[in-house]
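Asks: Pasting a predicted model and its sequence here:
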Amino acid sequence: MSSASGKIELWRRIALLFGILVGVGLYFYVTPSIVSVTAVDWEQEQAGELQSLTGYVSEKDRRLNQLPLDDYIKEKTGGNVTLVNAGQWDAFFQQVQLASFGQYARSIYGDRVSEQDKDDFWKPQVPVPVFFKPGELPLEQWRLFPQAGEQVYICSTAGGKNNYLLLEYEDYQSSVTAMTKPYRTAPEWLYHPYRSIGLAVIAVGLLLYLFLPRRRNKPEDIAYAGGRLVAGDIVALIILMTFYSLPFVVNGGTIQSITSMWFVSVFMWFLALFGVVVLYYSAWYATYRIELTPDALYLINYKGVRECRFAEMASVEQVSLRNPGWFRKLFMALALLSFIGGRSSPQPVGAALLAASATYSGLEIRGCGKPLYIWFTDQLGNVIIPNFNRVPEAIRSAGIHINQEPREIEGFTMFM
């Protein structure tokens, strides 16, 4: 007798599920914090005190414009300037200044500028910030505290000239929230540091699902057709990807999905569980098959083998399964709400009618322990198990009468 087989079908879907859950989370992950470094041209800054979009210039701005440059620098920095070793940091200053003033091709930091600042559509004004991970700079030495909005100026003296850079600590965990984020963010590879890894994890999960070895149905097998199983996996994938990913999109990131509008995340992830359930039962159906011997009927899936000997069968009758009453009423209520809400699409009404009218034909076998159900048609009455006719033939050949008068019951095929 054939033993239980097909556990690989479950592992194929576990690999796919793992790839989606981990990969999508990594894909939408936003770095928790970043440090922007901007070159400072004090002469340009002081001249800009007299510029205003409205044309109005305050007395304070006029006074700042008329100050000696050294006094202007002292007032704008508030004395919060850290002197750095010119020999150690001269190259860093030069490269940041090149990138900050728009000479991206000449700077090794040209790829650390925001996409918005490289797009002429946004009319960027130099100098622009250059972004670094907090761990890449000696923030403690430069007295920049890891708090949102904290700023510090650093100064290097080279060739008798003082060069200034403005450092600002940006906390994305507080500034990136539901449907909002700062106008200017770090470039994509810094803003979403694990996006490539996330895509790779999703791809690995998908490849394992596609190429892990599987048992091929033989022409004589009594088992569900492969095309229907793939369709079930696709439906599960659509449900899972949609409702699992939406909280990340709405809230702006992976961490933000549990710190911002978490109640939206909980609701969406609850809906995503339906995709997981469909994927689980798709694995069950993929390994489900019936084997017949002169003495018994065997139901085989990845959980094991269930034997039902013909001599033990007390009764066999045809049953007709309908969706539970509460389930049908729920769909009708949703269709009614959609109609009241003014939606013209017939889809909700069609779904409600399908849920109300769907019936599945099956056999109920009693006498082999817990009642055994074999569902062999879809909701439209089409036989979905090839060679299923051999099952009632074998039962009749064993001298067992099959009650052909369908008895109606309620429930879901996957739970019976």
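Replies: It's in. All values reported here derive from a predicted model rather than from experimental measurement.
Asks: Show me the contact partners of the helix or strand where residue 26 lies.
Replies: In this structure, residue 26 is located in helix 7-27 according to DSSP states H and E. For helix 7-27, contacts defined as CB atoms under 8 Å, 6 or more residues apart in numbering pick out 192, 194-195, 197-206, 208-209, 212-215, 233, 237, 240-241, 244-245, 248, 254, 276, 279-280, 282-283, 286-287, 302. To be clear about C-beta, it is placed using only N, CA and C from the backbone, and glycine gets the same treatment.
Asks: Any quick PyMOL command for the buried ones out of those?
Replies: Burial among those is assessed by 16 or more other CB atoms under 10 Å; the matching PyMOL selection reads:
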select buried, resi 192+194+198+201+202+204+205+206+208+209+214+233+237+240+244+245+248+254+276+279+282+283+286+287+302
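Asks: from the middle of its chain, how far away would the one helix or strand residue 155 maps to be?
Replies: In this structure, residue 155 is located in strand 151-158 according to DSSP H and E. What separates the centre of strand 151-158 from the centre of its chain is 42 Å, taken as CA atoms, centre = their mean, to the nearest Å.
Asks: Partner strands of it and their direction?
Replies: strand 81-83 (parallel), strand 161-171 (antiparallel) (DSSP bridges).
Asks: winner for burial among those strands?
Replies: strand 161-171 (a mean of 18; mean count of other CB atoms under 10 Å).
Asks: Helix or strand next in line after it, which one?
Replies: Immediately after strand 161-171, counting by DSSP H and E, sits helix 172-175.
Asks: How far does that next one sit from its chain's centre?
Replies: 20 Å.
Asks: Test my guess that residue 253 contacts residue 28.
Replies: Yes - the pair residue 253 / residue 28 is scored as a contact, 5.7 Å apart, by CB atoms under 8 Å.
Asks: neighbours of residue 211, just the number please.
Replies: The burial count assigned to residue 211 is 9, neighbours taken as other CB atoms under 10 Å.
Asks: again with residue 126
Replies: 14.
Asks: same thing with residue 147?
Replies: Count around residue 147 with other CB under 10 Å applied: 10.
Asks: Distance check, it against residue 361.
Replies: 67 Å (CB to CB, to the nearest Å).
Asks: How about residue 143?
Replies: Where residue 361 is concerned, residue 143 sits at a distance of 77 Å (CB to CB).
Asks: out of those two, which sits in the busier spot?
Replies: Comparing residue 143 with residue 361 by other CB under 10 Å, the one with more neighbours is residue 361, at 18 against 14.
Asks: Which is the succeeding secondary structure element to the helix or strand containing that one?
Replies: Per DSSP H and E, residue 361 falls inside strand 359-366. Later in the chain than strand 359-366, the nearest helix or strand by DSSP H and E is strand 372-375.
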